[in-house]
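Enquirer: Just a sequence and a predicted model for now, questions to come.
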Amino acid sequence: MTDPDRSSLTRRALIARGVAIAAAPLAGMTLATSRALGQPQNEADVVIIGAGAAGISAARRIAEAGRSYILLEASNHVGGRTVTDTAQFGVPFDLGAPRLNMPAARPMAAYGRAEGLDIYRAPDGGRLYQDGREAGDADYEDFIATVRRGERAIVAAGDAGRDMPAARALPDLGAYGASARFVLGPFACAKELDQISTVDVSRADEREGEDICRQGVGTLVSQLARPLTVRLETPARAVELGPRLVSVQTSRGTVLGRTVIIAVPPSLMASGKLRIQPGLPQRQRTAVEKITLGAFDHIGFRLPRNPAGLGVDELIYFRAEGPRAYALRARIGGSDLYSLEVGGDVATGLADSPPDAAAAFVKAALTREFGADTAARLGKVFATRWSKEPWALGAFSCALPGFGNMRRAFTETVAGRLVFAGEHAHETLWGTVGGAWLSGERAAKQVLGLIGVRSG
Ligand SMILES: Cc1cc2nc3c(=O)[nH]c(=O)nc-3n(C[C@H](O)[C@H](O)[C@H](O)COP(=O)(O)OP(=O)(O)OC[C@H]3O[C@@H](n4cnc5c(N)ncnc54)[C@H](O)[C@@H]3O)c2cc1C
């Protein structure tokens, strides 16, 4: 089937529109320079909190400008919501983002290729299964048209400034309504549609495709951090904005900076795990409270023998009858590893259940979609629980209804010293690795401006 619409039916393209931001190539940086700049010290031009994609990109830019930084990371590894595991299945399994959104992440992909990583274009679009077999062309077109109709209704409401729950903007979607609701809500935004702002969705930028890294997106992001000095297992607990300096209390003492970049998810600030003193201005406080992270998880599992002629890295949608919907990533990297993708209430419910609930969920899904014989071959199952990860507390952000305009607050400088970075701090590429990366570059430019360095 060659319907051109298929090429854009990916997680974020479904809510996407507008002009993509052109990304600058990664500037070269010598190891020696950055090492020298990252010497253990307790004072620097910039303290960066969080070594995910955003914090790493900010640190690279600051080092490149010849300025000093201290990069603090709470966990024992860099990458944050990009992390590749090989222990569970013996092959790379991205526990966080498995795909890089283009064109925003193109410089990251180019760097990875130059480092010898195998980065390739994800298969375009997806396939639809129903009643135990692949849907015919007419059904597939009906499904796509339904998703598009829903998307257009949400975007139209957002464009008109009607910032309301996306669910309320939807017309009657007919036979593929439940599938379309899953695609537009839990799959694209990690939330049910009644928790999603129409304005936030209407501002999302279009993707022109996605890349996959055979060694894992987490592997790529951690390689991008290699030239940097990162203080692992050093959570920042409080940021104090003084008249001349910023002081950051960590589990290993206090560090000082002329400026600070906070590159942690808003959930960490909302939960009080990272406090800012004196309190943030009202705009930023509202943004922290209302740009919340949704739930999205991968349930990885081994399945010997391809159940239905599924292609490598193919994305499979299913006709859903109710809200317990999912998608499938097939034959990851050409292996017999698959991942059932769940979001919103289903992901929250599974994360709150005992570990064997995920295996039971997969078994029921395989039985329903491919038959009991296929389900009987189910091997090891391992599920992520991003809403329980202590340094994430969720998967990715989407504004609550009525607050689609608040993301901008995360791009503004606070008290002349504090700048935010992270996927949540990109107005049009939120929820993506590429958006997080670009937000780090923007934040670096802002703080360099604050300390009087002109940057390109
Ligand atoms: C399951 C899942 C699937 C996804 N799929 C995709 C996809 O296919 N494509 C895509 O583009 N995006 C996807 N995303 C989103 C993408 O992973 C994120 O948008 C991006 O990685 C966020 O980067 P970040 O730097 O903003 O935040 P993070 O990666 O969360 O980095 C923040 C860092 O700060 C650290 N930290 C937190 N608190 C503190 C503290 N107090 N002190 C010090 N350090 C702290 C954390 O440990 C973390 O390392 C997915 C996310 C998930 C969870």
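Expert: Nice, thanks for sending it over.
Enquirer: Please enumerate residues in contact with the helix or strand where Tyr129 lies?
Expert: Tyr129 belongs to strand 127-130 when elements are defined using DSSP states H and E. Residues outside strand 127-130 that contact it (Cβ atoms under 8 Å, 6 or more residues apart in numbering) are 134-135, 139-140, 143, 179, 308, 310, 314-319, 369. Bear in mind the C-beta positions are built from the backbone N, C-alpha and C, glycine included.
Enquirer: Can you flag which of the residues you listed belong to strands?
Expert: If you go by DSSP state E, the contacts of strand 127-130 have Glu134, Leu315, Ile316, Tyr317, Phe318 in strands.
Enquirer: sorry, back to before: and which of the contacts of strand 127-130 is nearest Ala109?
Expert: Leu315 (19.0 Å; Cβ to Cβ).
Enquirer: Apart from its neighbours in sequence, what residue is nearest Asp131?
Expert: In space, and not counting its chain neighbours, Asp131 is closest to Arg319: 7.5 Å by Cβ to Cβ, 6 or more residues apart in numbering.
Enquirer: Quick check: phi and psi on that neighbour?
Expert: Reported as degrees, to the nearest 10, the phi and psi values for Arg319 are phi -70, psi 120.
Enquirer: That one and Ala180 touch, don't they?
Expert: No. Contact status for Arg319 versus Ala180: not in contact, 10.4 Å apart, counting by Cβ atoms under 8 Å.
Enquirer: between those two, who's got more neighbours?
Expert: Ala180 (27 against 17; other Cβ atoms under 10 Å).
Enquirer: restrict the ones in strands among the contacts of strand 127-130 to those near the ligand?
Expert: When Cβ under 6 Å from any ligand atom is applied, no member of the ones in strands among the contacts of strand 127-130 is adjacent to the ligand.
Enquirer: could you dump those to JSON lines with pLDDT?
Expert: Shown next, in JSON lines, are these (pLDDT from 0 to 100):
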{"residue": "Glu134", "pLDDT": "91"}
{"residue": "Leu315", "pLDDT": "96"}
{"residue": "Ile316", "pLDDT": "96"}
{"residue": "Tyr317", "pLDDT": "96"}
{"residue": "Phe318", "pLDDT": "96"}
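Enquirer: Out of the residues you listed, grab the one that's most surrounded.
Expert: Ranked by the number of neighbours (other Cβ under 10 Å), the ones in strands among the contacts of strand 127-130 place Tyr317 first, at 28 neighbours.
Enquirer: Relative to Glu73, how far out is that one?
Expert: Distance from Tyr317 to Glu73, counting by Cβ to Cβ, to the nearest Å: 36 Å.
Enquirer: Tell me the residues of the stretch 1-150 of the chain that contact the ligand?
Expert: Contact residues (Cβ under 6 Å from any ligand atom) of the stretch 1-150 of the chain with the ligand: 11, 49-55, 72-75, 80-82, 96-99, 101.
Enquirer: Going through these, which ones are buried?
Expert: Restricting these to buried positions leaves 11, 49-55, 72-75, 80-82, 96-99, 101, with burial counted as 16 or more other Cβ atoms under 10 Å.
Enquirer: hmm, back to that, shared neighbours, Arg319 and Ala180?
Expert: Residues touching both Arg319 and Ala180 (Cβ under 8 Å, 6+ apart) are Phe143.
Enquirer: and Arg377, how many neighbours?
Expert: 14.
Enquirer: That one reaches Asp336, doesn't it?
Expert: No. Judged on Cβ under 8 Å, Arg377 makes no contact with Asp336 at a distance of 9.5 Å.
Enquirer: which residues are common contacts for these two?
Expert: By the contact definition Cβ under 8 Å, 6+ apart, Arg377 and Asp336 are jointly contacted by Leu303, Pro304, Arg305.
Enquirer: can you put the residues you listed in CSV and add neighbour count, distance to the ligand and pLDDT?
Expert: Shown next, in CSV, are the shared contacts of Arg377 and Asp336 (neighbours: other Cβ atoms under 10 Å; distance: Cβ to the nearest ligand atom, whole Å; pLDDT from 0 to 100):
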residue, neighbour count, distance to the ligand, pLDDT
Leu303, 21, 20, 97
Pro304, 9, 25, 94
Arg305, 8, 27, 90
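Enquirer: Please enumerate the helices of the stretch 301-450 of the chain.
Expert: Using DSSP state H, counting those that start in this stretch, the helices of the stretch 301-450 of the chain run over residues 344-351, 356-370, 372-376, 433-450.
Enquirer: wait, does stretch 396-413 contact the ligand?
Expert: Yes. Interface with the ligand: stretch 396-413 contributes Phe396 (Cβ under 6 Å from any ligand atom).
Enquirer: just how off-centre is that stretch within its chain?
Expert: Centre-to-centre, stretch 396-413 and its host chain are 15 Å apart (Cα atoms, centre = their mean, to the nearest Å).
Enquirer: Span of it from start to end?
Expert: 23 Å (Cα to Cα, to the nearest Å).
Enquirer: Repeat that for stretch 303-317.
Expert: 18 Å.
Enquirer: Give me every residue in contact with it, excluding its own residues.
Expert: Residues outside stretch 303-317 that contact it (Cβ under 8 Å, 6+ apart): 10, 122-123, 125-129, 133-134, 143, 179, 183, 212, 327-334, 336, 338, 366, 370, 374, 377-379.
Enquirer: Can you check what angle separates whatever helix or strand Ala44 lives in from helix 433-450?
Expert: In this structure, Ala44 sits in strand 43-49 according to DSSP H and E. Counting by axes from the mean of the first three to the mean of the last three Cα atoms, to 10 degrees, strand 43-49 lies at 150 degrees to helix 433-450.
Enquirer: Make 43 the first number, not 1, from now on.
Expert: Yes, from this point I'll number from 43; that puts the last item at strand 85-91.
Enquirer: Dump strand 85-91 to PDB, keeping only the CA atoms.
Expert: Taking Å, rounded to 0.1, in the frame of the first residue of the first chain, the C-alpha atoms of strand 85-91 are listed here in PDB:
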ATOM      1  CA  GLU A  85      32.300  27.800  41.000                       C
ATOM      2  CA  ALA A  86      31.600  28.200  37.300                       C
ATOM      3  CA  ASP A  87      30.100  30.600  34.800                       C
ATOM      4  CA  VAL A  88      27.100  28.300  34.400                       C
ATOM      5  CA  VAL A  89      25.700  25.500  36.600                       C
ATOM      6  CA  ILE A  90      23.600  23.100  34.600                       C
ATOM      7  CA  ILE A  91      21.200  20.900  36.400                       C
END
